[in-house]
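Asker: Pasting a predicted model and its sequence here:
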Amino acid sequence: MKLLRLQVHHVGGCKDVDLDLSGHHLFLVGGRNGSGKTSAVKSLLMAICGRSELRDYWPAIPLQTGQDEGFVKVQLSGDDELQDDKGFEAELRFMRKRDGSVKEEFVLKDSDGDPAPEPRTLLQRLYSMRMFDPTGFDRLRPKEQRAELARLFPQLDFSKQDAEIKRIYDERTNVNREGKALKARVDAIQVNGDVPDEEVVVADLMRELKSRRSINDANNEKRHGLDTLKREMTAAGERFGNCTALVDQLRRNLNEAEQSLIDAKLKCDELSRQVDVEQRECDALCDQNTCEVEEQVFNAQKVNEQVRQTKSRQEGEAKLSELHNKSETLGEMMKEIEQSKITALREAQLPVQGLGVDSEGLTFGGLPFEQAPKSKRFLVGCMIGMSGEKPKLPLLVCEHGDGLDWETLAEFDKMLEANDWQAVIEVCSKSEADDEHCQVIMEAGQAKKRTGKKAATKEA
């Protein structure tokens, strides 16, 4: 099936355009900037692709300002499989409603003028949007080019592996982030090298302190009893003296005084013996040193804090080591997946000789694809677009042909002819010499008839 004719009326920058594409493999739409060539090419895409396929490329206002209706018509040759060998016509019509909005209608008619019941579905069977813009592939970033190639060739689709790599990479990122935060906390813990292995049991120290204080209290009580006995002995001595005076003064009470003297003497002797015993016992007493325990109690909190810090750092370092090992394991998993992808890429049959795929994107001739000459990148993109299963309507459409030299386009024309494909490309012609290479020149929204030798030869 071939593209035969394109008609555009009041759509985008086109007023009235009628292009005869029959007999051409490469059809160049030339013109200066603002002449309507982009609108003509985009209108073709709108008609054969539809809004859902073009997505963000569909114009916000397709109908020209001030116009109430417009259309795009595309005539196609027939197809035996579709039981109509005469041809089809796809028509995309725009109509302005009373509220100013634009209504769209699309029909696909056979050679008898009968509309197809599901026009878009039928057209999608005819035209596969594998790569409608040959230069679009070159404008993609390297990884996007690899993804586009995988879309065209399922054996190169590594979306599942890439998703798994991203999952592992995100997990490793979280592990490394956790490890970094943990390391900062571990490094902030100050550790004293003389700290014991376990915390001091303050309760045991308090019991020891209580025991020593109890002994000291008993010792002090013993000393107090000795002082009491000494005071009693002093009093007894005074009484003995008084008694002696009384004996001298009161002879008449001698017997009584003597008896009192004897009693006092006995009491004094007894107390003297008790004092001697108590003195010996007190002399043998040994007070306990409480300063050491009091200092240990005072320092226990500080020591225990240092013990806790040491344990916390040890635990942190152990966790940090665990996170480091986990990060390395995840990294190895990513490397294994990447290696499996590289192996699959090496075994894959790519559509262009010299084309390769690596983890970053595409290669050509062993070098990154983006380092190849622009003309070579364009032709490779075209070969990729034409590879694989051939659609019913083998057509490539390009809105960005600027910058392509005529020699490259001539080589592309031969490639199209050899593979029986068609291509419509918009180019910016800046001189009459440029115009001679184009099949049509757009000017003020209309197709300008050409009289150049190259065009005449081609048309002939």
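Answerer: Okay, I see it.
Asker: Any idea how many residues pack against residue 187?
Answerer: Around residue 187 there are 12 other residues, counting by other Cβ atoms under 10 Å. Every C-beta, even on glycine, is put in place using the N, C-alpha and C of the backbone.
Asker: Report how many residues lie close to residue 109.
Answerer: Neighbour count of residue 109, defined by other Cβ under 10 Å: 16.
Asker: Who are the contact partners of it?
Answerer: Each residue near residue 109 by Cβ atoms under 8 Å, 6 or more residues apart in numbering is listed here: 88, 89, 91, 115, 116.
Asker: Starting from the one helix or strand the second one maps to, tell me which strands it pairs with and how they run.
Answerer: Going back to what we said before, that points to residue 89. Secondary structure from DSSP states H and E places residue 89 in strand 88-96. According to DSSP bridges, strand 88-96 forms sheet pairs with strand 69-76 (antiparallel), strand 102-109 (antiparallel).
Asker: And residue 421, its phi and psi?
Answerer: phi -120, psi 160 (degrees, to the nearest 10).
Asker: typo on my end, it should be residue 279
Answerer: Phi and psi for residue 279, reported as degrees, to the nearest 10, are phi -60, psi -40.
Asker: show me what contacts it?
Answerer: Taking Cβ under 8 Å, 6+ apart, one finds residue 226 in contact with residue 279.
Asker: Please repeat the previous calculation with a cut-off of 10 Å.
Answerer: The contact partners of residue 279, by Cβ atoms under 10 Å, 6 or more residues apart in numbering, come to 226, 229, 230.
Asker: Roughly how far does it sit from residue 231?
Answerer: Separation of residue 279 from residue 231 (Cβ to Cβ, to the nearest Å) stands at 14 Å.
Asker: cool, residue 265 as well?
Answerer: On the measure of Cβ to Cβ, residue 265 and residue 231 end up 19 Å apart.
Asker: what do you get for residue 424?
Answerer: With the distance defined as Cβ to Cβ, residue 424 ends up 132 Å from residue 231.
Asker: so where's this protein shaky on pLDDT?
Answerer: Scanning the chain for pLDDT under 70 picks out 81, 125-132, 253, 345-346, 348-349, 449-460.
Asker: For residue 133, which non-adjacent residue is spatially closest?
Answerer: residue 398 (5.0 Å; Cβ to Cβ, 6 or more residues apart in numbering).
Asker: what's around the one you found, how many residues?
Answerer: When neighbours are counted by other Cβ under 10 Å, residue 398 comes out with 26.
Asker: Spit out the contact partners of it.
Answerer: 28-29, 41, 131-136, 378, 381-382, 385, 404, 412, 423-427.
Asker: Residue 37 now?
Answerer: Contact partners of residue 37, counting by Cβ under 10 Å, 6+ apart, are 13-14, 17, 28-31, 399, 401, 425-429, 438, 440-443, 445, 447.
Asker: Check residue 256 too.
Answerer: Counted by Cβ under 10 Å, 6+ apart, residue 256 has contacts 246, 247, 250.
Asker: Just put these in JSON lines and tack on secondary structure, distance to residue 189 and neighbour count.
Answerer: Shown next, in JSON lines, are the contacts of residue 256 (DSSP: H, G, I helix; E, B strand; the rest coil; distance: Cβ to Cβ, whole Å; neighbours: other Cβ atoms under 10 Å):
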{"residue": "246", "secondary structure": "helix", "distance to residue 189": "85", "neighbour count": "16"}
{"residue": "247", "secondary structure": "helix", "distance to residue 189": "87", "neighbour count": "16"}
{"residue": "250", "secondary structure": "coil", "distance to residue 189": "90", "neighbour count": "11"}
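Asker: can those go into CSV with extra columns for distance to residue 55?
Answerer: CSV is the format used below for the contacts of residue 256 (distance: Cβ to Cβ, whole Å):
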residue, distance to residue 55
246, 136
247, 139
250, 141
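Asker: follow-up on the earlier one: any idea which of the contacts of residue 109 has the most stuff around it?
Answerer: residue 88 (24 neighbours).
Asker: now do the same end-to-end measure for stretch 434-445.
Answerer: This stretch, stretch 434-445, spans 19 Å end to end (Cα to Cα, to the nearest Å).
Asker: And that stretch, what's buried?
Answerer: 434, 435, 436, 437, 438, 439, 440, 441, 442, 445 (16 or more other Cβ atoms under 10 Å).
Asker: go on, stretch 391-403?
Answerer: The neighbour-count check on stretch 391-403 (16+ other Cβ under 10 Å) flags 391, 392, 393, 394, 395, 396, 397, 398, 399, 400, 401 as buried.
Asker: Tabulate those residues (JSON lines), appending secondary structure and distance to residue 47.
Answerer: Below are those laid out as JSON lines (DSSP: H, G, I helix; E, B strand; the rest coil; distance: Cβ to Cβ, whole Å):
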{"residue": "391", "secondary structure": "coil", "distance to residue 47": "16"}
{"residue": "392", "secondary structure": "coil", "distance to residue 47": "16"}
{"residue": "393", "secondary structure": "coil", "distance to residue 47": "12"}
{"residue": "394", "secondary structure": "coil", "distance to residue 47": "17"}
{"residue": "395", "secondary structure": "strand", "distance to residue 47": "12"}
{"residue": "396", "secondary structure": "strand", "distance to residue 47": "16"}
{"residue": "397", "secondary structure": "strand", "distance to residue 47": "11"}
{"residue": "398", "secondary structure": "strand", "distance to residue 47": "16"}
{"residue": "399", "secondary structure": "coil", "distance to residue 47": "15"}
{"residue": "400", "secondary structure": "coil", "distance to residue 47": "19"}
{"residue": "401", "secondary structure": "coil", "distance to residue 47": "20"}
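Asker: Identify the farthest-apart pair in these.
Answerer: 392 and 400 (25.5 Å; Cβ to Cβ).
Asker: so residue 137 makes contact with residue 146?
Answerer: No - contact criterion Cβ atoms under 10 Å: residue 137 and residue 146 do not qualify, at 11.0 Å.
Asker: ok, back up a step: quick check: the residue nearest to residue 133 vs residue 423, distance?
Answerer: From residue 398 to residue 423 the distance is 7 Å (Cβ to Cβ).
Asker: who touches both of the two?
Answerer: Common neighbours of residue 398 and residue 423 (Cβ under 10 Å, 6+ apart) are 28, 132, 134, 382, 385, 412.
Asker: Excluding sequence neighbours, find me the nearest residue to the fourth one.
Answerer: Among residues not flanking residue 382 along the chain, residue 134 sits closest, at 4.6 Å (Cβ to Cβ, 6+ apart).
Asker: pretty sure that neighbour is in contact with residue 396, am I right?
Answerer: Yes - judged on Cβ under 10 Å, residue 134 makes contact with residue 396 at a distance of 5.2 Å.
Asker: how close does the residue of the chain most remote from its centre sit to residue 246?
Answerer: What lies farthest from the middle of the chain is residue 252; by Cα atoms, centre = their mean that is 123.0 Å. For residue 252, the distance to residue 246 (Cβ to Cβ) stands at 11 Å.
Asker: Please identify the helix or strand for the residue nearest in space to the middle of the chain.
Answerer: By Cα atoms, centre = their mean, the chain has its centre lying nearest to residue 170, at 5.7 Å. For residue 170, the element it lies in under DSSP H and E is helix 159-188.
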